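Asks: task: produce atomic coordinates for the following.
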Amino acid sequence: MGLVAKQTFYNLLSIGLAFILGALNTLYMYPNFMGSRLQGVVIALLAYSNLVQPFISFGLQHAIIKYYSSFKTKQERDSLLVFTIWSPLIIIILISIYLWMFSSSIITDISSKEPLISTYAFVIILIAISTSYFEIFFSWLRVHLASVFGNFLKEFYPRFLNFVLLVCYASNIIEFETFIYCLIIGYYIRLFLVILYSLKIYTPKFTLTLPPFYLKILFYSFLIFLSGAASSIILDIDKSMIASLITSDDVAFYSVALFIAAVIEAPGRAMFQIVSPLVSKAINSDDKIYLTRLLKKSSNNLFLASGVLFLLINLNLTDFYVFVNQPMYAVAIGVVSVVSIGKLYSMSIGCLNNIISNSKFYPYIFWFSILSATIAVILNLILIPEYGILGAAYATLFVIVLMNTLKLILVAYGLKIHPYSKDSLKILLVITFVYFTIKEINLEYSSFINLLIRSTIIILSYYALSQIFGLLNDINSQINKYLNR
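Replies: Next up is the predicted model:
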């Protein structure tokens with residue numbers, strides 16, 4: 001676990017910086033200088049782009065992680081990597097033909113509530129292409145256990161790009177139209193950087209030779225593509241439907257709330273970048289002992305780390321919105337509370353998703369994703385008109401809980417392993433005790449002082465209880481290793 005801990009630490013560092021910068025963009029720069037309407041337009045365009053991206057990448061980034069370690073010769077591995085480069089070009093051509101034939105009707109549908117979306121609809125496909133190829137080259141880095149720089153480009157770079165452009169916009173250096181064009185250029189600069197670094201880490205011999213059992217790879221990619229498309233629907237359909245059913249302002253309010261709740265997933269996003277190829281290698285070599293160890297440790301460590309973030313967020317929400325001085329955005333406090341429960345549950349299952357996608361049970365991902373996407377669309381159609389953005393949050397929570405539970409059942413039945421232990425129950429008890437105890441503490445100072453005092457109490461009490469229950473042994477051993485060095 002030394003390599004996992006080391007790269008997870010660096011990945012967590014870049015993700016932490018990304019969240020800080022993202023918070024500055026989302027909670028201050030956008031609302032104060034661009035306004036909720038234009039912020040909603042940018043978020044909606046990126047959300048639609050995320051819906052298109054799986055159609056272009058076709059799941060090939062996941063195929064690299066699953067099959068690369070199973071190939072033994074350089075020629076076989078090179079053929080796989082090169083295959084993932086030229087295959088999306090075919091898809092891009094087909095999508096271009098489709099858009100040329102039906103673009104006007106599609107644009108009319110997605111921009112019915114906001115005309116600016118139709119004006120900048122080209123952003124959707126251009127950023128989708130860039131993001132698709134970025135994910136493919138990022139997978140090159142991950143299979144070579146070199147995830148740190150790629151994760152930096154994935155997490156920190158887009159937030160920094162937005163920050164720089166927002167500063168230019170706030171200083172009247174650029175207009176909104178220029179902001180959009182520079183955003184596109186920035187995404188392609190990121191793609192260029194990851195390509196250069198990937199080739200530096202490993203340069204394949206470029207050939208048009210098809211990889212071994214390429215039909216099996218294509219079938220896997222096809223199922224993952226369908227699953228990814230459905231997953232993108234789950235992630236972004238709520239924002240897209242809010243833009244269509246309510247207003248772009250509500251998209252901004254909802255997106256800020258999701259951003260806050262997503263902080264809970266930061267430890268997982270850092271760990272999974274390096275754990276996924278290790279899971280694939282363990283499965284390909286049939287090392288069930290190591291696989292079980294990865295699952296248990298990732299579950300306990302992520303549940304523990306995400307638990308304190310869950311508490312810091314949910315026990316400080318009211319004072320936080322007062323501190324950032326955005327009363328309009330505070331209407332989404334309930335969204336943060338609801339969605340964060342689902343995020344915490346997702347972290348508690350550890351690397352379970354990586355195990356399913358790299359095992360013989362990967363076809364189930366498709367059916368789970370289709371089911372969850374269908375439920376998400378139906379629930380959003382029912383709940384958004386009735387409860388507004390809180391209805392979208394309820395739909396998201398229901399889908400997260402249902403899908404994670406089905407995945408737990410699948411792995412427990414199929415592989416006879418599960419992520420939970422006695423420590424999982426201890427962590428849940430610590431989170432519950434700290435939440436309901438500190439929830440009763442009323443502070444009457446300024447919002448900033450309240451945040452400092454309450455956060456300090458949360459961290460100290462959480463640390464003390466975790467130490468008493470012996471939940472920090474693994475983390476303490478890693479810290480001692482670094483200190484001894």
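
Asks: now do the SS call for N442.
Replies: Under DSSP: H, G, I helix; E, B strand; the rest coil, the three-state class of N442 is coil.

Asks: tell me the pLDDT at it?
Replies: pLDDT recorded at N442 is 83.

Asks: burial count for it?
Replies: Taking other C-beta atoms under 10 Å as the neighbour definition, N442 ends up with a count of 6. In this view, the C-beta of every residue, glycine as well, is placed from N, C-alpha and C.

Asks: leaving out the residues flanking it, which one is nearest to the residue nearest to the spatial centre of the chain?
Replies: Here the mean C-alpha position of the chain is nearest to the C-alpha of R269 (C-alpha atoms, centre = their mean), at a distance of 6.6 Å. Of all residues not flanking R269 in the chain, I15 sits nearest, at 5.5 Å (C-beta to C-beta, 6 or more residues apart in numbering).

Asks: how far away is the one you found from K416?
Replies: From I15 over to K416 the distance is 33 Å, taken as C-beta to C-beta, to the nearest Å.

Asks: same drill for those two, tell me which one is more crowded.
Replies: Shown here are I15 and K416; by other C-beta under 10 Å, I15 has more neighbours (25 against 9).

Asks: so which bits of the longest helix seen in the chain are buried?
Replies: For the chain, the helix with the greatest residue count under DSSP state H is helix 74-110. Applying a neighbour-count criterion of 16 or more other C-beta atoms under 10 Å, one finds 77-85, 87-88, 91-92, 95, 99, 107, 110 buried in helix 74-110.

Asks: ok so, going back, what helix or strand does the residue nearest to R269 sit in?
Replies: With secondary structure defined by DSSP states H and E, I15 is part of helix 2-24.

Asks: after that helix, next one along is what?
Replies: With DSSP H and E setting the assignment, the helix or strand that follows helix 2-24 is helix 35-57.

Asks: what residues sit buried inside that following helix?
Replies: 36, 38-57.

Asks: skipping adjacent residues, who's closest to G334 in space?
Replies: Here the nearest residue to G334 in space, its sequence neighbours aside, is L390; by C-beta to C-beta, 6+ apart that works out to 5.0 Å.

Asks: thought the one you found was touching V335?
Replies: Yes: counting by C-beta atoms under 8 Å, L390 sits close enough to V335 to count as a contact (6.0 Å).

Asks: these two - which one has more neighbours?
Replies: Just comparing L390 and V335: by other C-beta under 10 Å the higher neighbour count belongs to V335, 27 against 20.

Asks: now do the more buried one against Y197, distance only.
Replies: Using C-beta to C-beta, which is the criterion applied here, V335 is 37 Å from Y197.

Asks: pretty sure W140 contacts K200?
Replies: No: W140 is beyond contact range of K200, at 10.7 Å (criterion: C-beta under 8 Å).

Asks: and the two? Which one has more around it.
Replies: Applying other C-beta under 10 Å to W140 and K200 shows that W140 carries more neighbours, namely 25 against 11.

Asks: the more buried one: which element?
Replies: Remark: W140 resides in helix 122-143, with elements defined by DSSP H and E.

Asks: which strands and helices sit next to that helix?
Replies: Using 3 or more C-beta pairs under 8 Å, 6 or more residues apart in numbering; DSSP states H and E, the elements in contact with helix 122-143 are helix 35-57, helix 60-67, helix 74-110, helix 148-170, helix 176-201, helix 266-284.

Asks: pLDDT weak spots in the protein?
Replies: Of all residues in the chain, those with pLDDT under 70 make up the ranges 1-12, 36, 101-117, 227-249, 252, 270, 273-274, 326-327, 474-485.

Asks: give me that answer again for 50
Replies: Under the criterion pLDDT under 50, the flagged ranges of the chain are 1, 483.

Asks: tell me the buried residues in the helix holding W140?
Replies: Taking 16+ other C-beta under 10 Å as the neighbour-count basis, helix 122-143 is seen to contain the buried residues 123-125, 127-143.

Asks: using PDB, write down the CA coordinates of it.
Replies: Once non-C-alpha atoms are left out, helix 122-143 reads as follows in PDB (Å, rounded to 0.1, in the frame of the first residue of the first chain):
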ATOM      1  CA  PHE A 122     -20.500  24.400 -30.400                       C
ATOM      2  CA  VAL A 123     -18.700  24.400 -27.000                       C
ATOM      3  CA  ILE A 124     -20.400  21.100 -26.100                       C
ATOM      4  CA  ILE A 125     -18.900  19.000 -28.900                       C
ATOM      5  CA  LEU A 126     -15.500  20.700 -28.900                       C
ATOM      6  CA  ILE A 127     -14.900  20.200 -25.200                       C
ATOM      7  CA  ALA A 128     -16.300  16.700 -25.300                       C
ATOM      8  CA  ILE A 129     -13.700  15.700 -27.900                       C
ATOM      9  CA  SER A 130     -10.900  17.200 -25.800                       C
ATOM     10  CA  THR A 131     -12.100  15.600 -22.600                       C
ATOM     11  CA  SER A 132     -12.500  12.200 -24.300                       C
ATOM     12  CA  TYR A 133      -8.900  12.100 -25.500                       C
ATOM     13  CA  PHE A 134      -7.600  13.500 -22.200                       C
ATOM     14  CA  GLU A 135      -9.200  10.500 -20.400                       C
ATOM     15  CA  ILE A 136      -7.600   8.100 -22.800                       C
ATOM     16  CA  PHE A 137      -4.100   9.500 -22.300                       C
ATOM     17  CA  PHE A 138      -4.700   9.800 -18.600                       C
ATOM     18  CA  SER A 139      -5.300   6.000 -18.500                       C
ATOM     19  CA  TRP A 140      -1.900   5.500 -20.200                       C
ATOM     20  CA  LEU A 141      -0.400   7.200 -17.200                       C
ATOM     21  CA  ARG A 142      -2.500   5.300 -14.700                       C
ATOM     22  CA  VAL A 143      -1.500   1.900 -16.000                       C
END
